[in-house]
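>>> Have a look at this prediction, sequence included:
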Amino acid sequence: MAGRIEDYALIGDMQTAALVCRDGTVDWLCLPRFDSHAVFAGLLGTEEHGFWRLGPAHAAGARPPAATRRTYRGESLILESEWDTPRGTVRITDFMPPRDGAPQLIRIVEGVTGRVPMRSALRMRFSYGRVVPWVHRHEERTVAVAGPDSVWFDTRTETYGKSLTTYADFTVAPGDRIAFTISWQPSHKEPPPLPEPEQSLEATEDFWREWVEQCTYHGPYREAVIRSLITLKALTYAPTGGIVAAPTTSLPEEIGGVRNWDYRYTWLRDAAITLSSLLRTGYREEARAWREWLLRAVAGDPENLQIMYGIAGERELGEAELDWLPGYEQSAPVRVGNGAAHQLQLDVYGEVTEALHLAHMTGLARNDYAALLQLKLIRYLEQHWDEPDEGIWEVRGPRRHFVHSKVMAWVAVDRTIKLIESADADGPLEKWRELRDDIHRDVCEKGYDKERNTFTQSYGSKELDASLLLIPQMGFLPPDDKRVIGTIEAIQRELSTPDGFILRYPTSGDEEGVDGLPGDEGAFLACSFWMADDLAMIGRVDEARKLFEKLLGLRNDLGLLAEEWDPRLQRQVGNFPQAFSHVPLIDTALRLTASGAYGG
């Protein structure tokens with residue numbers, strides 16, 4: 001059985017990523033890209049679906065013991081795990097060097113004290129665990145081949161095959177350093193170069209040190225902010241600038257449930273808010289790369305803007321179910337692809353425009369096509385802002401007039417007006433000022449419940465929605481407006497879990513709810529951070545700080561967050577690690593630091 005979601009560490013090379021469990025098992029790795037087929041899919045199945053175990057000697061078919069302690073090396077994505085055993089202490093360093101050629105996962109075993117027996121057990125399974133590769137020796141190297149893929153396994157330690165698994169049994173003493181590397185290569189090409197683990201480790205450490213040095217934030221929550229920024233950088237696909245929402249698919253929002261989705265793509269919403277956090281902390285190069293990715297992805301067709309694309313800008317992300325995988329803790333189905341790609345989500349126009357606006361305001365070099373794209377998006381919204389849509393949460397039920405979608409349409413128009421007013425673009429200023437007023441009036445008349453003094457999820461509904469917390473943050477209404485305060489307090493009353501975290505919206509258990517799905521889900525971490533932001537904005541800064549620090553306490557021992565928190569099981573749920581959780585963590589830290597609301 002795979003570990004708990006929070007038991008995993010992330011390592012990656014800005015093109016793909018691996019999840020390493022606390023016991024030293026790699027249970028998830030897609031090669032060569034985030035959205036490629038998994039070589040290790042044990043996370044979503046059983047040991048038959050692929051893994052790489054490395055740790056103190058353990059029986060065949062068993063997992064190693066959990067590490068005594070683990071940490072990232074400084075401010076990097078280099079994982080160090082240590083085991084204290086009856087025979088001594090051993091350390092394993094796991095990392096993926098930023099890619100210059102074949103993708104590599106390198107694991108270095110180091111003896112610290114005593115003499116510790118160790119075992120490596122490598123079971124490669126291609127196509128998400130369905131295909132057993134042909135494993136053979138090529139000169140002094142081991143290679144696994146299946147169709148277009150080959151994975152090369154290199155170590156100076158003797159290996160042997162048993163039960164379709166490659167093993168290495170060895171002992172380390174103080175000062176011993178034994179490296180293991182897997183490298184991916186298209187199977188029709190020549191073998192990849194022999195790895196150089198020690199040089200790669202040094203280069204990887206240099207890369208992360210130099211990248212972190214660019215950060216302009218030096219406030220009291222620096223450790224949490226830096227770890228979140230590193231995580232966001234790890235979720236960036238370096239060749240194109242696209243940013244994945246998470247490196248995993250089908251980690252459930254409810255253990256045993258059906259709310260299991262593939263997040264290995266670039267949502268415009270998630271990428272735009274990621275961009276804003278990077279810009280606010282000094283990372284302009286990532287912002288420039290994402291803007292270029294956006295312009296390529298949208299191309300000359302902004303009228304058919306998708307809510308999400310592949311990491312290179314692909315449009316077709318057809319959804320399928322992998323019925324040979326039982327799912328994480330029997331949470332089925334396991335899905336790849338995402339059928340939400342062609343939904344209508346009007347809020348995306350606002351998020352993209354807000355990101356372009358922020359890039360412009362922070363001095364990112366002007367791009368004429370970016371300004372032209374922004375104008376084209378508003379011309380589309382002119383004709384479609386008053387239509388129902390699937391909304392920010394990608395409901396699979398009927399379309400509705402979601403209040404958040406209308407608010408973000410207002411944001412898109414407002415930020416474009418500001419662009420024109422700054423003389424950096426030309427457009428029908430008076431016409432769009434009227435449009436901005438029309439949208440504002442429509443929301444306030446149709447999306448507000450006067451009796452309860454709260455905005456509602458959609459026009460005519462009684463349900464609440466945590467996305468309404470963004471109304472003051474987007475400048476739609478000032479924080480001291482009684483309607484804003486009433487909405488915040490209503491969400492606290494009706495969408496809070498017993499431990500004070502925030503649900504996205506009401507769900508209906510076994511019945512099909514507003515989102516068109518049965519089942520429940522955990523507290524949505526982004527929404528909980530939004531609540532902390534709003535509390536700070538309305539002057540309840542002590543309450544905001546306490547909620548924020550309580551949220552920080554949900555991170556795993558390495559500072560990572562999934563999408564949600566299950567208050568009943570007291571564990572993380574959803575895809576992991578999740579950009580949409582780490583971005584608001586950064587934003588709330590910046591807001592609280594600016595307000596002086598932190599303690600100490």
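Received it, and whenever you're ready, just let me know what you need. Nothing here was measured: the structure is a model prediction, and the numbers come from that model.
>>> mind listing what the closest residue to Glu421 other than its chain neighbours touches?
Closest residue to Glu421 apart from its sequence neighbours, by Cβ to Cβ, 6 or more residues apart in numbering: Leu429 at 7.3 Å. Where you see a C-beta, it was placed from the backbone N, CA and C, and this is true even at glycine. Each residue near Leu429 by Cβ atoms under 8 Å, 6 or more residues apart in numbering is listed here: 417, 420-421.
>>> Can I get the buried part of those as one PyMOL selection?
The PyMOL selection below is limited to those of the contacts of Leu429 classed as buried (16 or more other Cβ atoms under 10 Å):
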select buried, resi 417+420
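>>> Would you mark the buried spots in the helix or strand containing Trp208?
Taking DSSP states H and E as the definition, Trp208 sits inside helix 197-212. Using 16+ other Cβ under 10 Å as the test for burial, helix 197-212 gives 197, 200-201, 204-205, 207-208, 211.
>>> what pLDDT does Gly42 get?
Note for Gly42: predicted pLDDT of 97.
>>> Contacts only, for it.
For Gly42, the contact set (Cβ under 8 Å, 6+ apart) comprises 2, 25, 27-28, 49-51, 129.
>>> Out of those residues, which two are the most distant from each other?
Thr25 and Gly129 (14.5 Å; Cβ to Cβ).
>>> For the two, indicate the residue with more neighbours.
Neighbour count, other Cβ atoms under 10 Å: between Thr25 and Gly129, Gly129 has more, with 28 against 25.
>>> Gln199 versus Asp100, what's the distance?
For Asp100, the distance to Gln199 (Cβ to Cβ, to the nearest Å) stands at 11 Å.
>>> give me the beta-bridge partners of the nearest residue to Val90 once chain neighbours are set aside?
Closest residue to Val90 apart from its sequence neighbours, by Cβ to Cβ, 6+ apart: Val116 at 4.4 Å. Note on Val116: beta-bridge partners Val172, judged by DSSP bridges.
>>> How many neighbouring residues does Val116 have?
Val116: 26 neighbours (other Cβ under 10 Å).
>>> and what of Lys418?
Applying other Cβ under 10 Å, we find 15 residues neighbouring Lys418.
>>> All the strands of the stretch 401-550 of the chain, residue numbers only.
Ranges of strands within the stretch 401-550 of the chain are 448-449, 454-455, 523-524, based on DSSP state E, counting those that start in this stretch.
>>> Give the pairing partners of the last one; include direction for each.
Each strand that strand 523-524 pairs with, and the sense of that pairing, follows from DSSP bridges: strand 564-566 (antiparallel).
>>> Need the residues that contact the partner strand.
Strand 564-566 is contacted from outside by 253-255, 501, 521-525, 528, 554, 571-574, using Cβ under 8 Å, 6+ apart.
>>> So for the residues you listed, which is the shakiest by pLDDT?
When those are compared by pLDDT, Glu521 scores lowest at 78.
>>> Quick check: that one touching Pro506?
No: using Cβ atoms under 8 Å, Glu521 is not in contact with Pro506; the gap is 10.8 Å.
>>> which one of these two has more residues nearby?
It is Glu521, of Glu521 and Pro506, that has more neighbours when counted by other Cβ under 10 Å, with 22 against 16.
>>> Contact partners for that one?
Applying Cβ under 8 Å, 6+ apart, the residues near Glu521 are 253-254, 257, 259, 503-504, 507, 564, 573-574.
>>> Helices along the stretch 451-600 of the chain, start to end?
Under the criterion DSSP state H, counting those that start in this stretch, the stretch 451-600 of the chain contains helices at 470-473, 482-494, 525-537, 541-552, 579-595.
>>> Could you give the bridge partners of the nearest residue to Leu79 once chain neighbours are set aside?
Ranked by Cβ to Cβ, 6+ apart and with sequence neighbours excluded, the top spatial neighbour of Leu79 is Asp94, at 4.4 Å. Note on Asp94: beta-bridge partners by DSSP bridges are Leu79, Arg107.
>>> okay, Asp94: pLDDT?
98.
>>> which residues of this structure score low on pLDDT?
Across the chain, the ranges flagged by pLDDT under 70 are 300, 508-520, 597-600.
>>> please redo it, this time with the cut-off set to 80
Applying pLDDT under 80 to the chain picks out residues 1, 60-61, 299-304, 363-368, 396, 507-521, 596-600.
>>> got the contact list for the nearest residue to Met537 once chain neighbours are set aside?
Using Cβ to Cβ, 6+ apart and skipping the chain neighbours, the partner closest in space to Met537 is Pro479 (4.0 Å). Taking Cβ under 8 Å, 6+ apart, we find Pro479 in contact with 472, 485, 534, 537-538.
>>> Also Val26?
18-20, 40, 51-53, 94, 105.
>>> now Val403
Val403 is in contact with 443, 447, 455-459, 465, 467-468, counting by Cβ under 8 Å, 6+ apart.
>>> try it again with 7 Å
For Val403, the contact set (Cβ atoms under 7 Å, 6 or more residues apart in numbering) comprises 443, 447, 455-458, 468.
>>> quick check, nearest of those to Ser228?
Leu468 (24.4 Å).
>>> right, and the closest one touches Gly486 too?
No: using Cβ atoms under 7 Å as the test, Leu468 is too far from Gly486 to be in contact (10.5 Å).
>>> Who has more neighbours out of the two?
For Leu468 versus Gly486, neighbours defined as other Cβ under 10 Å are more numerous around Leu468 (27 against 17).
>>> residue contacts, that one?
Contact partners of Leu468, counting by Cβ under 7 Å, 6+ apart, are 403-404, 455, 487, 491.
>>> Which residues does stretch 353-361 contact?
Contacts for stretch 353-361 (Cβ under 7 Å, 6+ apart): 272, 275-276, 279, 287, 291, 370, 374, 377, 411-412, 415-416, 418-419, 424.
>>> Now render the contacts of Val26 as a markdown table, adding neighbour count.
Putting the contacts of Val26 into a markdown table (neighbours: other Cβ atoms under 10 Å) gives the following:
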| residue | neighbour count |
| --- | --- |
| Ala18 | 26 |
| Leu19 | 27 |
| Val20 | 29 |
| Phe40 | 26 |
| Phe51 | 28 |
| Trp52 | 27 |
| Arg53 | 24 |
| Asp94 | 23 |
| Leu105 | 28 |
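>>> what ranges do the helices span in the stretch 51-200 of the chain?
For the stretch 51-200 of the chain, the helices defined by DSSP H, counting those that start in this stretch occupy 126-129, 197-212.
>>> Compare those and give me the one nearest Val244.
helix 126-129 (17.2 Å).
>>> ok, back up a step: go through the contacts of Leu429 and name the one nearest Ala245.
Distance to Ala245 across the contacts of Leu429 (Cβ to Cβ) is lowest for Ile417, with 29.9 Å.
>>> What's the local residue count around the nearest residue to that closest one once chain neighbours are set aside?
Spatial nearest neighbour of Ile417, excluding adjacent residues (Cβ to Cβ, 6+ apart): Trp432 at 5.6 Å. The tally of other residues near Trp432 (other Cβ under 10 Å) stands at 20.
>>> Give me the distance between Trp432 and Gly350.
14 Å.
>>> do Thr85 as well
Distance from Thr85 to Gly350, by Cβ to Cβ: 55 Å.
>>> cool, and Val413?
Val413 is 9 Å from Gly350, by Cβ to Cβ.
>>> Am I right that Ala224 is in contact with Leu585?
Yes: with contact defined as Cβ under 7 Å, Ala224 reaches Leu585; the gap is 6.3 Å.
>>> Can you give the distance of the host helix or strand of Arg296 from its chain's centre?
Assessed by DSSP H and E, Arg296 sits inside helix 284-298. With Cα atoms, centre = their mean, to the nearest Å as the basis, helix 284-298 stands 18 Å off its chain's centre.
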